[in-house]
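*Asks:* I would like the atomic coordinates for the input below:
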Amino acid sequence: MFNHWSEPIAPALMAAGLLCVILPWANRKNPFVRATLVSFALILAWNYLLWRFTTLPKFDSVDAFFGTIFLGAELLTGIGGTITWILMTRSSSRSAAVAGNMPWLMQARPIVDILICTYNEDRAILNRTIIGAMRMNYPNFRVWVLDDGRRDWLRDLCVQKGCHYLTRPDNSHAKAGNINHALAHLAGLSTPPDFIAVLDADFVPFSDFVSRTLSLFKDQAVGVVQTPQHFVNPDPIQSNLAISEVFPDEQRFFFDIILPSKDAWGLAFCCGTSSVIRFSALREIGGFPTDSVTEDFLLTVRFHERGYRTIYLNEKLSVGLAPEGIREYAVQRTRWCQGLIQICRGRSGPFRFGNGLPLSLRIGLIETLLYWAASFFFRMCCMLVPALFFLFDIRVVHASISDAVAHFAPMVIAQVAVTTWLGGGRMLPLISDVYQMLIAPEIVRVVALTVIRPHGHRFNVTAKGIHHAGLNVQWRLLFRFLALAAMTILGLVKIFAFDHSDLIEDGGALNVFWAWYNLLVLTICCLVCIEQPRRRLDERFATHEKAIIRLGDEVRLCEVTDISASGMRLLGAISDPVGSPANVIMGDFESQAIIARKSDNEFALSLVDNEAREAMTRRVYSERYGKPIDQISASQVFAGILQRLAR
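*Replies:* Next up is the predicted model:
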């Protein structure tokens, strides 16, 4: 038996052994090391993809029809993945340039207008964004709230906070139209800005956001400086699987790994919020483009046509809200997908010549297009192929188990290992598959509809600040995953109970393994569909700070366990009743408070006046809290999922 399997598993064992020896000592910052390891993974990947051409079923059969579709999706995904891997051989960091350019910035002091774009967000969200924006440590800025909801209370709030308020009579072209309306107003001022900073309504900037981004505009060819998006709340997958303490949000791999790599190749792009843009360049191209719902990405493309670059500063300079429900997550992702397809179908697409796009940007657009148009469709195919084999004897791959293991296993081992190494442990393949499956049918549908009809679709805003007290089951999604699981289980029952002939030969055993993996993914997807209660008050951050508390005549030093813009929780037993006054000192922060609640070994304080809450808001939404998770322990992630399953 060992001799029978020794030959097919030998390549996988060799790849695993080689990577185990090299990766612990490899330097991720060394471009040569990155390129060498990526090349190794790509050689194994293309060895597998070329072998796959030999596994196509014979023509003039149902197998050939489905097999060709599956191979096409796999090949396109492989091409897109190859471009991504090549981009990841480099990575950039611009923090040193920021420090070097600071003397220029302090001498030039250009005017920057901070634009807060809002449509239907509630008061609490906008209040803290305005507080953060008004407290820049830069001497020459103005803050404008662009209200597409035309709300009187928001106009009054802006007057109270001392910032400017703009609205317009309609909502044409959504966010892009809102910004363009503001640009026309700013251009007519006696002192128009040199730059604008764009913030979504839920993104609170740090005090050094403006100064650190503006310093990079010393280079006159820079049109946009983009910064990463960090979130103070868990996304729906983190929340519903109860893994927010051990698994980072989905966007960390993109903003921490992918975008620095794209920047190193000159392919960084504007992501909307938390970006700063050269005003004269915007006026030159007529403002934000409106022929895509992802006007930010298209802005980068149009800037490239005029010779302006988008660069990326990978520093945490703002924090915002991730989509809080599955539905909101799907709305956001499908809008991104729709916008990219609109760009590729438009005059600035990668397949149009004479539009001034450099070859590198065309390749970058194709890579992003293949991510949306191929990888999600391929994920759906992977979910259906084993069930088709078991239930209908449709064989999309004609290969023996030994050949499949010899080609597939080393490729998967190399991809998982090198991706994990490049990402610094920021992703887990199984959970990545869950993220894709949650929205795969919606993405495939949007791709098809937008390719056929690029425009005329409704613009959907991603709702922020949702809350629900109890469980919220996404029944439609849940039934979808249960149906897929039922198909797979029926197929397994059929093959085990009634037909054993294909378990070893001609791919049967491989499909059995494949089916069990799919069932694991579908089980996790079902868990995600059962949305956990969400508390929508102030975000709370865990901390281990000390605070001096005065309760009547007693003064004590207490440990703070968590903190929010409205108060804090502390360890210790107190005798004073709830509602009693207190005084709290934390570093340079001092305020009156009241006892909000207490128990045998802890108590909570609530701040009593608006000035104190504003000061605490500035303290809470700063770099000192909410550190991202950079390393993942797979065992902790699965332990969290098992605990969630056991509830």
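*Asks:* ok, now which ones touch the nearest residue to V210 once chain neighbours are set aside?
*Replies:* Distance criterion C-beta to C-beta, 6 or more residues apart in numbering; nearest residue to V210, sequence neighbours excluded, is Y138 at 4.4 Å. All C-beta atoms are positioned from the backbone trio N, CA, C, and that covers glycine. Residues near Y138 by C-beta atoms under 8 Å, 6 or more residues apart in numbering: V112, V210, S211, L214.
*Asks:* now the strands for the stretch 451-600 of the chain?
*Replies:* 472-473, 530-531, 541-542, 546-551, 554-564, 567-571, 581-586, 589-598 (DSSP state E, counting those that start in this stretch).
*Asks:* Give the rounded mean pLDDT of the fifth one.
*Replies:* In other words, strand 554-564. The average pLDDT within strand 554-564 is 92.
*Asks:* Which strands or helices does it pack on?
*Replies:* Contacts defined by 3 or more C-beta pairs under 8 Å, 6 or more residues apart in numbering; DSSP states H and E place strand 554-564 against strand 541-542, strand 546-551, strand 567-571, helix 610-620.
*Asks:* The third one to helix 610-620, inter-axis angle?
*Replies:* Yep, that's strand 567-571 we're talking about. Angle, strand 567-571 to helix 610-620, by axes from the mean of the first three to the mean of the last three C-alpha atoms, to 10 degrees: 70 degrees.
*Asks:* gap between strand 567-571 and the chain center?
*Replies:* 31 Å (C-alpha atoms, centre = their mean, to the nearest Å).
*Asks:* Read off the pLDDT value for A221.
*Replies:* So A221 comes in at 97 (pLDDT).
*Asks:* Look up how far I116 lies from the residue lying closest to it once chain neighbours are set aside.
*Replies:* Counting by C-beta to C-beta, 6+ apart, R309 is the residue found nearest to A221 once chain neighbours are left out, at 5.4 Å. Using C-beta to C-beta, to the nearest Å, R309 is found at 26 Å from I116.
*Asks:* Which helix in the chain has the most residues?
*Replies:* Taking DSSP state H as the criterion, the chain has its longest helix at helix 62-87.
*Asks:* counting contacts, what elements does it pack onto?
*Replies:* helix 31-52, helix 259-264, helix 359-370, helix 376-392.
*Asks:* list the contacts for G364?
*Replies:* I83, L87, K262, W265, L267, F269 are the contacts of G364 under C-beta under 8 Å, 6+ apart.
*Asks:* Regarding the fifth one, what is its secondary structure?
*Replies:* So that's L267. Following DSSP: H, G, I helix; E, B strand; the rest coil, we place L267 in the coil state.
*Asks:* Could you check what's spatially nearest to it, not counting adjacent residues?
*Replies:* L267 sits nearest to G364 (C-beta to C-beta, 6+ apart), 4.1 Å away.
*Asks:* for the third one, same thing?
*Replies:* With C-beta to C-beta, 6+ apart as the measure, A268 is the residue that lies nearest to K262, at 5.2 Å, once sequence neighbours are left out.
*Asks:* and the one you found, what is it in contact with?
*Replies:* Contacts for A268 (C-beta under 8 Å, 6+ apart) come out as Q226, L259, K262, T300, T310, I311, Y312.
*Asks:* need the contact list for the first one.
*Replies:* Put plainly, it is Q226. Each residue near Q226 by C-beta under 8 Å, 6+ apart is listed here: L259, A268, F269, C270, C271, S274, S275, T310, I311, Y312, L313.
*Asks:* Filter the residues you listed down to just the ones in strands.
*Replies:* S275, T310, I311, Y312 (DSSP state E).
*Asks:* what sits opposite the third one in the beta ladder?
*Replies:* I311 has the following beta-bridge partners by DSSP bridges: V225.
*Asks:* tell me the contacts of it?
*Replies:* Here I311 is in contact with R94, L216, V222, V224, V225, Q226, D263, A268 (criterion: C-beta under 8 Å, 6+ apart).
*Asks:* do the same with the second one
*Replies:* The contact partners of T310, taken as C-beta under 8 Å, 6+ apart, are V222, G223, V224, V225, Q226, A268, F269, C270, T300, F303, H304.
*Asks:* right, and the last one touches G356 too?
*Replies:* Going back to what we said before, that points to H304. Yes. The criterion here is C-beta atoms under 8 Å, and H304 meets it with G356 at 7.3 Å.
*Asks:* So between the two, which is more surrounded?
*Replies:* With neighbours defined as other C-beta atoms under 10 Å, H304 and G356 compare such that H304 has more, 23 against 13.
*Asks:* With adjacent residues omitted, what lies nearest to the more buried one?
*Replies:* H304 sits nearest to L361 (C-beta to C-beta, 6+ apart), 5.4 Å away.
*Asks:* Spatially central, which residue of this structure would that be?
*Replies:* By C-alpha atoms, centre = their mean, the chain has its centre lying nearest to Q251, at 2.2 Å.
*Asks:* What confidence value was assigned to that residue?
*Replies:* For Q251, pLDDT reads 92.
*Asks:* And A612, by the same measure?
*Replies:* pLDDT, A612: 91.
*Asks:* Next: I504.
*Replies:* Reported pLDDT for I504: 49.
*Asks:* Would you map the helices across the stretch 401-550 of the chain?
*Replies:* All helices of the stretch 401-550 of the chain, identified by DSSP state H, counting those that start in this stretch, fall at 401-422, 429-452, 475-497, 508-529.
*Asks:* now for these, which one comes closest to Q636?
*Replies:* Distance to Q636, taken as C-beta to C-beta, is lowest for helix 429-452 among the helices of the stretch 401-550 of the chain, at 12.3 Å.
*Asks:* For that closest one, list every residue counted as buried.
*Replies:* 430-431, 433-440, 442-444, 446-447, 450 (16 or more other C-beta atoms under 10 Å).
*Asks:* Also stretch 257-265?
*Replies:* Buried-residue list, stretch 257-265, by 16+ other C-beta under 10 Å: I257, I258, L259, P260, S261, K262, D263, A264, W265.
*Asks:* returning to what we had before: which one of R309 and I116 has more residues nearby?
*Replies:* The residue with more neighbours, out of R309 and I116, is I116; 28 against 17, by other C-beta under 10 Å.
*Asks:* about what we covered before: among the contacts of T310, pick out the one closest to V62, please.
*Replies:* Distance to V62 across the contacts of T310 (C-beta to C-beta) is lowest for F269, with 42.2 Å.
*Asks:* excluding its backbone neighbours, what's nearest the closest one?
*Replies:* In space, F269 is closest to T300, 4.0 Å off (C-beta to C-beta, 6+ apart).
*Asks:* next one: T129
*Replies:* Per C-beta to C-beta, 6+ apart, closest to T129 is V204, 5.3 Å.
*Asks:* returning to that earlier point: want to throw the strands of the stretch 451-600 of the chain into JSON lines with distance to W104?
*Replies:* Listed next are the strands of the stretch 451-600 of the chain as JSON lines, based on distance: least, C-beta to C-beta, whole Å:
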{"stretch": "strand 472-473", "distance to W104": "51"}
{"stretch": "strand 530-531", "distance to W104": "49"}
{"stretch": "strand 541-542", "distance to W104": "35"}
{"stretch": "strand 546-551", "distance to W104": "40"}
{"stretch": "strand 554-564", "distance to W104": "37"}
{"stretch": "strand 567-571", "distance to W104": "41"}
{"stretch": "strand 581-586", "distance to W104": "36"}
{"stretch": "strand 589-598", "distance to W104": "34"}
